[in-house]
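Student: Structure, please.
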Amino acid sequence: MTKIKPLTEEQLLISLDRLTRFKEPELRYVRVFTDIITSNLIEPKLKKFELEQMSYTELRDLAQEIINISLDKIFTAIPADSKYTINQRLLSYEKSVFDITDKVLTLLDNKINYSKAVELINSDNVFNLRWLKSLKENDATPENRHANLYPVKKVLLVEGITEEILMPEFAKILGKNFKENGIFILSAGGKNQVVKYFYRFAEFLKIPIYVLLDNDAVENYNQIKPKLRKSDKIHLISRGEFEDILPNTLIEKTLNVLTANISTCDTKELENAKSKVEYLEEFFRKRGAHEFKKSEFAESIKENISNKTDISPEIKAIIEDL
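Tutor: Sure thing, here's the model as predicted:
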């Protein structure tokens, strides 16, 4: 006889969030199901090696039983959806985005009681959960899905946080809203990591991948290019880092706002700088302002973007190419 400790509402939301994030399906489901069983199954108490030896069918059935019992205790008056509408729509989405083996399909083709689970979700929750809730409606509209980023239609893989913060904002100014177009942007944390992410994504994603690299990543560019699928694209920026293709006027405007009570930006020095990152590091050091940090400066740049003149021709071309 199975004896469980029901998941709390917070734990259920965390599990739903982890199940619907944009990550490799097998990794997602195995981890979440295993964690649920480990934390909430009282009897029979299973050891780690026993869970690892379980078939995916056994793992799925046990985890979904714990989830559903937990939901039944919270929503006693809400009947289950006998057609499992949300489950089927979620499965269709996963199959459209990821290459899924029959073995992994066993995990995804589950009977989690999503009709009750989505009642925990509100407008304050993250995008993927709000999208999951939209699947409850029989006529879930494209507008409803697009408003919540999902379904993901393309991955934009970049090196750093500056691109992750600014590219969606530039796109919005150009009328190319990333959320509405299902573009998922991921900062890999460096050029070598971009290669690793691309190789992995290309193995299990069906959707296009657009890779954006700094100018010094020629070797990485050459590693990726031969492995591009027909739908993928790669762009090596024309010079330096992403900061180097930002308009000088936008950088100058941002610096003058940040240091209004200290000093102003030297336009000639900025124009002549070989590296804008080096210029910015020196600028903040000399002015006695806070240390230059890419993420913080990118957020400041974002606040000062107001129209198309704040977008360089190269950035416009990248967004159009997307």
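
Student: what's next to stretch 198-218, contact-wise?
Tutor: Residues outside stretch 198-218 that contact it (CB atoms under 8 Å, 6 or more residues apart in numbering) are 24-25, 96-100, 152-159, 163, 167, 191, 194, 220-221, 224, 227, 229, 231-242, 244, 318, 321-322. The way it works is simple: take the backbone N, C-alpha and C, and place the C-beta from them, glycine included.

Student: Now do that stretch, average pLDDT.
Tutor: Per-region confidence: stretch 198-218 scores 95 on mean pLDDT.

Student: And for stretch 56-67?
Tutor: On average, stretch 56-67 scores 96.

Student: what about the stretch 101-250 of the chain, any weak spots by pLDDT?
Tutor: 138-150 (pLDDT under 70).

Student: Weed out the non-buried ones from the contacts of stretch 198-218.
Tutor: 24-25, 97-98, 100, 152, 154-159, 163, 167, 191, 194, 220-221, 224, 232-234, 236-237, 240-242, 244, 318, 322 (16 or more other CB atoms under 10 Å).

Student: So which of those belong to strands?
Tutor: 154-158, 233-234, 236 (DSSP state E).

Student: Let me know the closest of the residues you listed to Arg287.
Tutor: Proximity of these to Arg287 (CB to CB) peaks at Val158, which lies at 28.9 Å.

Student: The stretch 201-322 of the chain: helices as residue ranges?
Tutor: For the stretch 201-322 of the chain, the helices defined by DSSP state H, counting those that start in this stretch occupy 218-224, 248-258, 267-272, 276-287, 294-304, 313-321.

Student: Domain ranges for this protein, per the record?
Tutor: 3-147, 154-239, 243-313 (automatic domain parsing).

Student: Over to the closest residue to Lys73 other than its chain neighbours. Which of the three states is it?
Tutor: Nearest non-adjacent residue to Lys73, counting by CB to CB, 6 or more residues apart in numbering: Pro6, 5.3 Å away. The three-state label given to Pro6 by DSSP: H, G, I helix; E, B strand; the rest coil is coil.

Student: isn't Pro6 right up against Ile69?
Tutor: Yes: counting by CB atoms under 8 Å, Ile69 is a contact partner of Pro6 at 6.3 Å.

Student: pull the longest helix from this protein.
Tutor: helix 56-74 (DSSP state H).

Student: Can you name every helix or strand that that one contacts?
Tutor: For helix 56-74, the elements it packs on are strand 3-4, helix 9-20, helix 25-40, helix 102-108, helix 114-117, judged by 3 or more CB pairs under 8 Å, 6 or more residues apart in numbering; DSSP states H and E.

Student: Give me the buried positions along the third one.
Tutor: Using 16+ other CB under 10 Å as the test for burial, helix 25-40 gives 25-26, 28-30, 32-34, 36-37, 40.

Student: Reformat these as CSV; add pLDDT.
Tutor: As requested, these are exported to CSV (pLDDT from 0 to 100):
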residue, pLDDT
Pro25, 94
Glu26, 95
Arg28, 95
Tyr29, 97
Val30, 97
Val32, 97
Phe33, 97
Thr34, 96
Ile36, 96
Ile37, 96
Asn40, 95
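
Student: Of those, which is the nearest to Phe49?
Tutor: Closest approach between the buried residues of helix 25-40 and Phe49, by CB to CB: Thr34, at 12.0 Å.

Student: With adjacent residues omitted, what lies nearest to Arg21?
Tutor: Nearest residue to Arg21, sequence neighbours excluded (CB to CB, 6+ apart): Asn128, at 6.0 Å.

Student: circling back to that earlier point, of the ones in strands among the buried ones among the contacts of stretch 198-218, closest to Ser15?
Tutor: Nearest member of those to Ser15, counting by CB to CB, is Val155, at 24.3 Å.

Student: Run through the residues that contact that closest one.
Tutor: 183-186, 201, 205, 207-210.

Student: Could you check how far it is from Leu12?
Tutor: Using CB to CB, to the nearest Å, one gets 28 Å for the distance from Val155 to Leu12.

Student: Please apply the same query to Gln53.
Tutor: Gln53 is 27 Å from Leu12, by CB to CB.

Student: before we move on, the earlier item: neighbours around the residue nearest to Arg21, how many?
Tutor: By other CB atoms under 10 Å, 19 other residues sit near Asn128.

Student: Restrict the helix or strand in which it is found to CA atoms and write it as CSV.
Tutor: Here Asn128, judged by DSSP states H and E, is contained in helix 127-134. Provided in CSV are the C-alpha atoms of helix 127-134 (Å, rounded to 0.1, in the frame of the first residue of the first chain):
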residue,chain,number,x,y,z
PHE,A,127,5.6,32.7,-18.1
ASN,A,128,5.7,29.0,-18.6
LEU,A,129,3.1,28.4,-15.8
ARG,A,130,0.8,31.0,-17.2
TRP,A,131,1.1,29.4,-20.6
LEU,A,132,0.3,26.0,-19.1
LYS,A,133,-2.9,27.4,-17.6
SER,A,134,-3.9,28.8,-21.0
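
Student: just checking, what packs against it?
Tutor: helix 9-20, helix 142-147.

Student: Can you name the residues that contact Leu132?
Tutor: Residues near Leu132 by CB under 8 Å, 6+ apart: 16, 20, 86, 90, 114, 118, 121.
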